[in-house]
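[1] Sequence plus the predicted model coming up.
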Amino acid sequence: MKIVTSLTLFFPMYNERETVARMTSKALDVLETLTADYEVIIVDDASHDGSEQIADELARQHPQVRVIHHPQNLGYGAALRTGLQSASKELVFYTDCDEPVDLQEIGRALALIGPNADLVLGYRIKRYDTLRRFVYSKVYNWLCRLLFGVRARDVNFSFKLLKREVLEHIHLSAGSVFIDGELLAEAVRCGYEIVEIPVEYFPRRSGKSSFDSLSAAFYTLEEMLAYWRRTRARRSS
C-alpha cells in the first residue's frame, strides 16, 4: 500500500440529520487504515434541522473531527471553498454528506496520486439521473471541455482527491456547483495532471437535492460564462 503522509477528508453539509453521523463514522474508519495523520472536516452551511448539533457532538467525541459553521447559508460553492481552504494535510479528498461513494475507494485514488497525477477524479460507472439532470450534465460537461479544456467524464461528481499544493496556485470563487468545474479548469490552466477512475455511485437515500432545478442551472451557467470572460481577459492583458 502506498505510504500517505497525511490526509484531509471533508464534506459539505446542509440539513443532513439522517446521514452526517453515519458518514463521519465511515470516514474515520477508512482514514485510520490509510494514515496515522488525518482529519475529517464537516462544513456546515447553516443547517437548522439538528444536524449541526450532531456534527458538534461528533467533534467533541473525536479529536480528528472539526466542524466549521457558516453563519448563514452560502451555497455549495462556498461550502467547498471553505473545506478546501481549511484543509491542513498533504492530500485533500472531498465528497458529499449523502454517501454517494464507498469511501474504501479512496485507497485506489491514493495509489495513483504522485508525480504523474496531481488530482484523481472519480466518474460514475452507472448514473441514476432524471431526464432533466441527464441533459444538464451532458451539456455542462461539454461546455467545460469546450470553454476550459477540461477533459473529464463526470466533472461535478463528488469524488476528488488532490494535492494541497494545487490549492496554493489556483483561485476559486464560484458559489454554485460550478465550483467543481472551476477547480478543474484552474488545474488545467496551471498545467496540473488529472487522472480518472471509475467508481460505483450510490443514489441519495434520504433528503432532497436541489441541483437539478432550473434556477440552479442558470446560476451555474452564469458563473461559467463569468469565469470564461475573466480567463479570456487575463490571457489578452
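    Structure received. Everything quoted here is computed from the prediction, not taken from an experiment.

[2] Just list what the longest helix along the chain packs against, helices and strands only.
    The residue-count maximum for a helix in the chain (DSSP state H) belongs to helix 214-236. Here helix 214-236 touches helix 131-148, helix 178-189, going by 3 or more C-beta pairs under 8 Å, 6 or more residues apart in numbering; DSSP states H and E. In this view, the C-beta of every residue, glycine as well, is placed from N, C-alpha and C.

[3] Next, format those helices as a markdown table and append mean pLDDT, mean neighbour count and distance to residue 196.
    Formatted as a markdown table, these follow (pLDDT from 0 to 100; neighbours: other C-beta atoms under 10 Å; distance: least, C-beta to C-beta, whole Å):
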| stretch | mean pLDDT | mean neighbour count | distance to residue 196 |
| --- | --- | --- | --- |
| helix 131-148 | 89 | 15 | 12 |
| helix 178-189 | 97 | 23 | 11 |
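
[4] can those go into a markdown table with extra columns for distance to residue 74?
    Below are the helices and strands packed on helix 214-236 laid out as a markdown table (distance: least, C-beta to C-beta, whole Å):
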| stretch | distance to residue 74 |
| --- | --- |
| helix 131-148 | 22 |
| helix 178-189 | 11 |
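
[5] out of the ones you listed, nearest to residue 28?
    Of all the helices and strands packed on helix 214-236, helix 178-189 sits nearest to residue 28, with 24.8 Å by C-beta to C-beta.

[6] Other residues contacting that closest one?
    The list of residues contacting helix 178-189 from outside it, by C-beta atoms under 8 Å, 6 or more residues apart in numbering, reads 76-77, 80-81, 84, 118-119, 121, 140, 144, 147-150, 152, 155-158, 160, 162, 166, 170-174, 194, 220, 223-224, 227, 231.

[7] quick one: low-confidence ranges for this protein?
    By pLDDT under 70, the low-scoring segments of the chain are 1-2, 204-212, 237.

[8] all strands of it, in order?
    Using DSSP state E, the strands found in the chain span residues 7-13, 38-44, 65-69, 91-94, 119-124, 160-163, 194-199.

[9] which strands and helices sit next to the first one?
    Same thing as strand 7-13. helix 20-34, strand 38-44, helix 51-61, helix 76-86, strand 91-94.

[10] what lines up beside that strand in the sheet?
    Pairing partners of strand 7-13, with direction, according to DSSP bridges: strand 38-44 (parallel), strand 91-94 (parallel).

[11] Surely residue 123 touches residue 152?
    Yes: taking contacts as C-beta atoms under 8 Å, residue 123 lies within contact range of residue 152: 7.2 Å.

[12] So between these two, which is more surrounded?
    Ranked by neighbour count (other C-beta atoms under 10 Å), residue 123 and residue 152 place residue 152 first, with 20 against 17.

[13] What is the burial count for the spatially closest residue to residue 219 that is not a sequence neighbour?
    The shortest distance from residue 219 to any non-neighbouring residue, by C-beta to C-beta, 6 or more residues apart in numbering, is to residue 176 (4.6 Å). Residue 176 is flanked by 22 other residues according to other C-beta under 10 Å.

[14] what does residue 108 give?
    Neighbours of residue 108 (other C-beta under 10 Å): 14.
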